[in-house]
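**Q** Sequence plus predicted model, see below.
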Amino acid sequence: SSSMQQVLDEATDPWGVLVERVEVKDVRLPQNLQRAMAAEAEAHRDAKAKVIAAEGELNASKALKEAADVITESPAALQLRYLQTLSAIAAERNSTILFPMPIDMMKAFAEK
(Lines give C-alpha, C1' and ligand atoms only; values in the text may rest on other atoms or scores of the structure.)
Protein backbone atom coordinates (compact mmCIF):
# COMPACT_ATOMS: atom_id res chain seq x y z
CA SER A 1 0.00 0.00 0.00
CA SER A 2 2.76 2.45 0.89
CA SER A 3 4.72 1.57 -2.23
CA MET A 4 1.63 2.19 -4.36
CA GLN A 5 1.10 5.53 -2.59
CA GLN A 6 4.71 6.48 -3.29
CA VAL A 7 4.42 5.65 -7.01
CA LEU A 8 1.20 7.66 -7.28
CA ASP A 9 2.71 10.62 -5.42
CA GLU A 10 5.71 10.69 -7.75
CA ALA A 11 3.42 10.81 -10.77
CA THR A 12 0.85 13.30 -9.45
CA ASP A 13 2.91 15.70 -7.26
CA PRO A 14 4.22 17.72 -10.22
CA TRP A 15 0.61 18.62 -11.08
CA GLY A 16 -0.40 19.37 -7.48
CA VAL A 17 -2.84 16.47 -7.32
CA LEU A 18 -3.15 14.33 -4.18
CA VAL A 19 -4.61 10.85 -4.64
CA GLU A 20 -6.41 9.78 -1.49
CA ARG A 21 -7.96 6.52 -2.59
CA VAL A 22 -7.53 3.97 -5.36
CA GLU A 23 -10.10 1.31 -6.20
CA VAL A 24 -8.86 -1.80 -7.98
CA LYS A 25 -11.59 -3.31 -10.12
CA ASP A 26 -9.84 -6.00 -12.15
CA VAL A 27 -6.72 -7.92 -11.25
CA ARG A 28 -5.27 -10.45 -13.63
CA LEU A 29 -2.90 -12.96 -12.16
CA PRO A 30 -0.66 -15.29 -14.13
CA GLN A 31 -1.88 -18.90 -14.32
CA ASN A 32 1.13 -20.15 -12.34
CA LEU A 33 0.34 -17.76 -9.51
CA GLN A 34 -3.34 -18.77 -9.58
CA ARG A 35 -2.35 -22.45 -9.35
CA ALA A 36 0.06 -21.75 -6.52
CA MET A 37 -2.59 -19.81 -4.59
CA ALA A 38 -5.14 -22.59 -5.15
CA ALA A 39 -2.65 -25.24 -3.98
CA GLU A 40 -1.88 -23.21 -0.86
CA ALA A 41 -5.59 -22.78 -0.09
CA GLU A 42 -6.18 -26.50 -0.58
CA ALA A 43 -3.28 -27.36 1.73
CA HIS A 44 -4.71 -25.00 4.34
CA ARG A 45 -8.16 -26.65 4.07
CA ASP A 46 -6.61 -30.12 4.33
CA ALA A 47 -4.62 -29.13 7.41
CA LYS A 48 -7.71 -27.65 9.04
CA ALA A 49 -9.72 -30.80 8.24
CA LYS A 50 -7.02 -32.96 9.85
CA VAL A 51 -7.09 -30.84 13.01
CA ILE A 52 -10.90 -31.11 13.18
CA ALA A 53 -10.72 -34.89 12.66
CA ALA A 54 -8.07 -35.22 15.38
CA GLU A 55 -10.23 -33.23 17.81
CA GLY A 56 -13.15 -35.53 17.00
CA GLU A 57 -11.01 -38.59 17.65
CA LEU A 58 -9.89 -37.14 20.97
CA ASN A 59 -13.48 -36.48 22.05
CA ALA A 60 -14.55 -39.96 20.96
CA SER A 61 -11.71 -41.61 22.87
CA LYS A 62 -12.64 -39.65 26.01
CA ALA A 63 -16.26 -40.77 25.69
CA LEU A 64 -15.19 -44.40 25.19
CA LYS A 65 -12.99 -44.25 28.28
CA GLU A 66 -15.87 -42.88 30.34
CA ALA A 67 -18.16 -45.63 29.02
CA ALA A 68 -15.55 -48.27 29.82
CA ASP A 69 -15.25 -46.91 33.37
CA VAL A 70 -19.03 -47.14 33.85
CA ILE A 71 -19.18 -50.68 32.46
CA THR A 72 -16.24 -51.74 34.63
CA GLU A 73 -18.10 -50.64 37.75
CA SER A 74 -21.19 -52.69 36.89
CA PRO A 75 -21.03 -56.13 35.20
CA ALA A 76 -24.78 -55.91 34.56
CA ALA A 77 -24.17 -52.81 32.44
CA LEU A 78 -22.02 -54.86 30.07
CA GLN A 79 -24.73 -57.51 29.74
CA LEU A 80 -27.37 -54.83 29.10
CA ARG A 81 -25.18 -53.21 26.45
CA TYR A 82 -24.67 -56.59 24.80
CA LEU A 83 -28.43 -57.21 24.68
CA GLN A 84 -29.06 -53.69 23.39
CA THR A 85 -26.58 -54.28 20.55
CA LEU A 86 -28.28 -57.56 19.65
CA SER A 87 -31.65 -55.81 19.63
CA ALA A 88 -30.34 -53.07 17.33
CA ILE A 89 -28.85 -55.62 14.92
CA ALA A 90 -32.08 -57.62 14.83
CA ALA A 91 -34.20 -54.52 14.16
CA GLU A 92 -31.89 -53.31 11.42
CA ARG A 93 -31.55 -56.52 9.43
CA ASN A 94 -34.78 -58.33 10.37
CA SER A 95 -32.90 -61.54 11.05
CA THR A 96 -32.52 -64.24 13.63
CA ILE A 97 -29.52 -63.93 15.91
CA LEU A 98 -27.92 -66.80 17.75
CA PHE A 99 -25.78 -65.89 20.68
CA PRO A 100 -23.76 -68.22 22.89
CA MET A 101 -24.84 -69.14 26.36
CA PRO A 102 -22.43 -70.24 29.05
CA ILE A 103 -22.12 -74.02 29.27
CA ASP A 104 -22.78 -73.86 33.01
CA MET A 105 -26.28 -72.56 32.28
CA MET A 106 -26.91 -75.36 29.81
CA LYS A 107 -25.89 -77.98 32.41
CA ALA A 108 -28.48 -76.61 34.79
CA PHE A 109 -31.22 -77.17 32.20
CA ALA A 110 -29.92 -80.63 31.27
CA GLU A 111 -30.06 -81.91 34.87
CA LYS A 112 -33.77 -81.23 35.19
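**A** Ah, there it is.
**Q** ok, residues contacting the strand or helix carrying residue 10?
**A** For residue 10, the host element (DSSP states H and E) is helix 2-12. Contacting residues not belonging to helix 2-12 are listed as 18-19, 22 [CB atoms under 8 Å, 6 or more residues apart in numbering]. Bear in mind the C-beta positions are built from the backbone N, C-alpha and C, glycine included.
**Q** again, only this time at 10 Å
**A** Helix 2-12 has contacts (CB atoms under 10 Å, 6 or more residues apart in numbering) with 17-20, 22, 24.
**Q** following that helix, which helix or strand shows up next?
**A** According to DSSP H and E, the helix or strand after helix 2-12 is helix 31-73.
**Q** Quick check: next helix or strand after that following helix?
**A** Assigned by DSSP H and E, the successor of helix 31-73 is helix 75-93.
**Q** Check what pLDDT the residue nearest the centre of the chain gets.
**A** Nearest residue to the geometric centre of the chain (CA atoms, centre = their mean): residue 53, 3.4 Å. Residue 53 is assigned 97 on the pLDDT scale.
**Q** Next: the one 3 residues further on.
**A** Turning to residue 56, the model gives it a pLDDT of 96.
**Q** ok so, going back, can I get the contacts of helix 2-12 in TSV including neighbour count, pLDDT and distance to residue 85?
**A** What follows is those, written out as TSV (neighbours: other CB atoms under 10 Å; pLDDT from 0 to 100; distance: CB to CB, whole Å):
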residue	neighbour count	pLDDT	distance to residue 85
17	10	87	79
18	9	86	77
19	12	84	73
20	6	83	71
22	9	82	67
24	6	82	62
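**Q** now stretch 89-100: how far from the chain's centre is it?
**A** 32 Å (CA atoms, centre = their mean, to the nearest Å).
**Q** start to end distance for it?
**A** End-to-end distance for stretch 89-100, by CA to CA, to the nearest Å: 16 Å.
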